[in-house]
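Q: next input, structure requested:
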Amino acid sequence: MSFFNNSFYAKISTVFLISVLFLGVTLAYLTLNSSMMFVEETTQKVNVNLAEEMAVEFQPYLMDSIESDSITKKIQYLKGINPQVDIYLLGSNGMIKGSFLGSDAPPELAMAKVDTAPLDAYLDGATLPILGEDPLNPEVKKPFSVAHISIMGSDGCYLYVILESQQYDEIAGMLAESYIIKNSMVGLLFILGTTALLGLLVFRLLTHRLRNVTNTVVAFEHGQLDERVSVKSNDELGTLGHSFNQMADTIVANMDEIKQVDRLRRELIANVSHDLRSPLASIQGYLETIQYKESEKSLSDEDRTRYYDIVIRNTKKLGNLISELFELSKLDAKNVQPDLEPVSIAELAQDVVMQFQPQANAKNIVLQSILPNEPLKLVNADIALMERAISNLIDNAIKNTPEGGTVNITPANDGDRVNVKITDTGVGISEEQIARIFDRFYQVDVSRTPGNGAGLGLSIAQKIIELHGAKLSVQSALNKGTTFSFSLLPYSD
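A: Next up is the predicted model:
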C-alpha cells in the first residue's frame, strides 16, 4: 500500500490496467452481442418469405378443421429442409391454436398467447430485424417469419414461425461455448496482455524520466545546486526539465546576488558607521573642549573661532553624507524621474568648470572644458540631474589627481549622440578596483583619508546617467589617469 501511495508509476499503471480490462470486457460483450444480432438479422432476412410459403402449403389442412396429422407430415418434410424452426398457429388475437415443435421441445408451452404487435410490424414491412416472443421461453426474443392464414374460416390468423428452435438454441449454445466464447476469450486475453505489456513498458520509460527529474529536484533541494536535468527531447517532459534548469540557474544567480548584496550591506553598515563616527566624534570632542575651557575661563576668541569652524565643517560633512544617502535611496527606488528638456552640454560643462575652479586652484590643478570647433548638438536631459552627475565626476577627478595635474571635460558630437568625457591625470585605478568603483561607499583610497568623501558620488552619477538611457564607462591606468565617459541622445521635437 505504501508503494502504491508513493509511486506514480504504480498509480498510473493500476488505472491503465483497470481501464484496459474494462474496455476489453466491454469490447467482448459488444462483439458477442453484435455477432448474435448479426445472426438473428441474417436468419430473419434469409427466411423472410418462409411463413408465407408455408401458409400456402398448410392452408388446405385448415379449412374445416386443423388436420394436425397432415400438417405434421408436411412439417416433417419441410423440417428436413430447415430443421431449426418451431411453427405456431395463432388466432387474430395471438392465442395459440396449434404448435408443431421438435421432438426435444418441452411437453407444455410456457405461454398461451403471443404479442401480435411485432408480427403486425413485420407484415407492414418494418425494418428488420424484428424479434418476437418464443412461447417456449418467454424471457427470450427471437427472430421469426410470419404470414396471415385462414383457420377454419377465421381470417386474420397468423402462421408464426420461430426461426431459432429449441434445438437450434442448444446447438448454438454448444457452438458458442466451444468456439465463439473460447476464441473471444483467447483473443481478449491476448489483446489485454499485449496492450498491458506495451502500456507498462511505455509508462516505465515515461516515469523513469519523471524519476530523473524528481531525483534532480530533490538533490537540488538538499543543497546540490549544480544538479541539472538532462534534457534529450522537446516534449512536455523535456520542456519541464528545461524550465527547471532555467529556474535553478536563476535561483543560483539570485543566491549569488543575495550574497553580494549581503556583503555590500555589511560594508555599507561599516562604511556608514565609519563616515558618521569620525565627524561626530570630532564635533563631540571640540564641543567638550569648548565647554571645558569656557568653564576654566581659558578659551581665547581665536581658539573658539577655530573650534567652531571645525565643528561647522564636520556638521556640513555629515549633512552632505546624509543628503547623498537620501538622494541615492531615491534613485534606487526609482522615485526620481528626469524632467527632459533641450540642454547645451557645452554651456553646462563651462558652468561646472567655473563652479569647481576654486577647488582645482587650491590643488594647483588645471581644470578646463575643451570644446570642439563644430557646434554641439543639444541633448535631451534633466539639467539639474545632469549637472549633479558631471559635478560628481569632476569632484572625484580633482580629489584623485595630485597637485600639478590636469582635469578636462570634453564634449563632442559622436554620430547621432553627444559624447562627454571627464579625463584626469590622477593616480588611476587598477583592473581589480574598476569593477567596484560604482559600489556605494567604495573608495580606491583604502586608507580612507579624511576629506576624500564618502564614496557615494560615482554611484549617484551612474544612477543619474542610467536614468537618461546612457551608460557610464570608465577606462584607467595606474599612475597615468582615468577617463569617465557617457553618450546622450540629441534633443528632438
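
Q: from N392, how far out is the residue nearest to Q337 when sequence neighbours are not counted?
A: Nearest residue to Q337 in three dimensions, chain neighbours excluded: L467, at 7.7 Å (Cβ to Cβ, 6 or more residues apart in numbering). Glycine gets a C-beta too; all of them are placed from N, C-alpha and C. Taking Cβ to Cβ, to the nearest Å as the measure, L467 falls 14 Å from N392.

Q: rewinding a little: my guess is the residue nearest to Q337 meets V336, correct?
A: Yes: counting by Cβ atoms under 8 Å, V336 is a contact partner of L467 at 6.8 Å.

Q: quick one, longest helix in the chain?
A: Counting by DSSP state H, the longest helix found in the chain is helix 236-295.

Q: tell me what the helix or strand just after it is packed against?
A: With elements assigned by DSSP states H and E, the helix or strand that comes after helix 236-295 is helix 301-332. When contacts are defined as 3 or more Cβ pairs under 8 Å, 6 or more residues apart in numbering; DSSP states H and E, helix 301-332 packs onto helix 236-295, helix 457-467.

Q: would CSV of the ones you listed with distance to E108, mean pLDDT and mean neighbour count be doable?
A: CSV is the format used below for the helices and strands packed on helix 301-332 (distance: least, Cβ to Cβ, whole Å; pLDDT from 0 to 100; neighbours: other Cβ atoms under 10 Å):
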stretch, distance to E108, mean pLDDT, mean neighbour count
helix 236-295, 69, 79, 13
helix 457-467, 107, 85, 22
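
Q: want to throw those into a markdown table with distance to D124?
A: Converted to a markdown table, those look like this (distance: least, Cβ to Cβ, whole Å):
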| stretch | distance to D124 |
| --- | --- |
| helix 236-295 | 59 |
| helix 457-467 | 93 |
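
Q: for V229, find the nearest of those.
A: Closest approach to V229 among those (Cβ to Cβ): helix 236-295, 3.5 Å.

Q: packing partners of that closest one?
A: Secondary-structure packing of helix 236-295 (3+ Cβ pairs under 8 Å, 6+ apart): helix 181-221, helix 301-332.

Q: rewinding a little: how about the residue nearest to Q337, what does it touch?
A: Going by Cβ atoms under 8 Å, 6 or more residues apart in numbering, L467 touches 331, 336-338, 382, 385.

Q: for Q350, find the nearest of the helices and strands packed on helix 301-332.
A: Closest to Q350 of the helices and strands packed on helix 301-332, according to Cβ to Cβ: helix 457-467, at 18.8 Å.

Q: I'd like the next helix or strand past the closest one.
A: strand 473-477.

Q: run through who's touching that following strand.
A: Residues contacting strand 473-477 (Cβ under 8 Å, 6+ apart): 428-430, 434, 437, 482-486.

Q: avg pLDDT for it?
A: If you average the pLDDT over strand 473-477, you get 89.

Q: C-alpha coordinates for that strand, PDB please?
A: What follows is strand 473-477, C-alpha atoms only, in PDB (Å, rounded to 0.1, in the frame of the first residue of the first chain):
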ATOM      1  CA  SER A 473      32.000  53.800 -18.700                       C
ATOM      2  CA  VAL A 474      35.500  54.000 -17.200                       C
ATOM      3  CA  GLN A 475      39.000  53.500 -18.600                       C
ATOM      4  CA  SER A 476      42.000  53.800 -16.300                       C
ATOM      5  CA  ALA A 477      45.700  53.000 -15.900                       C
END
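
Q: surely I283 meets K316?
A: No: under the criterion of Cβ under 8 Å, I283 makes no contact with K316, lying 10.9 Å away.

Q: which SSE is immediately downstream of the worst-scoring helix or strand of the chain on mean pLDDT?
A: One helix or strand of the chain scores below all others by mean pLDDT, DSSP states H and E: helix 2-6, with a mean of 48. Using DSSP H and E, the next helix or strand after helix 2-6 towards the C-terminus is helix 8-46.

Q: buried set for the helix or strand that that following helix is followed by?
A: Sequence order places helix 50-58 as the next helix or strand after helix 8-46, per DSSP H and E. Neighbour-count burial for helix 50-58, counted by 16 or more other Cβ atoms under 10 Å, picks out 50-52, 54-55, 58.

Q: now the angle between helix 8-46 and helix 50-58, please.
A: With axes from the mean of the first three to the mean of the last three Cα atoms, to 10 degrees as the basis, helix 50-58 and helix 8-46 are set at 30 degrees to each other.

Q: ok, and what's touching helix 50-58?
A: Contacts for helix 50-58 (Cβ under 8 Å, 6+ apart): 71, 74, 78, 82, 85, 87, 144-149, 159-161, 163.

Q: show me how the protein divides into domains.
A: Per automatic domain parsing, the structural domains of the chain span 48-162, 236-331, 336-488.

Q: how about TSV for these, with distance to G24 added?
A: Shown next, in TSV, are those (distance: least, Cβ to Cβ, whole Å):
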stretch	distance to G24
domain 48-162	27
domain 236-331	29
domain 336-488	69
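
Q: ok, which of the ones you listed comes nearest L192?
A: Of these, nearest to L192 by Cβ to Cβ is domain 236-331, at 27.5 Å.

Q: how far away from the center of its chain is that closest one?
A: Centroid displacement of domain 236-331 relative to its chain, using Cα atoms, centre = their mean, to the nearest Å, is 44 Å.

Q: taking the contacts of L467 together, which two end up most distant?
A: Farthest pair in the contacts of L467, by Cβ to Cβ: L331 and D382, 12.2 Å.
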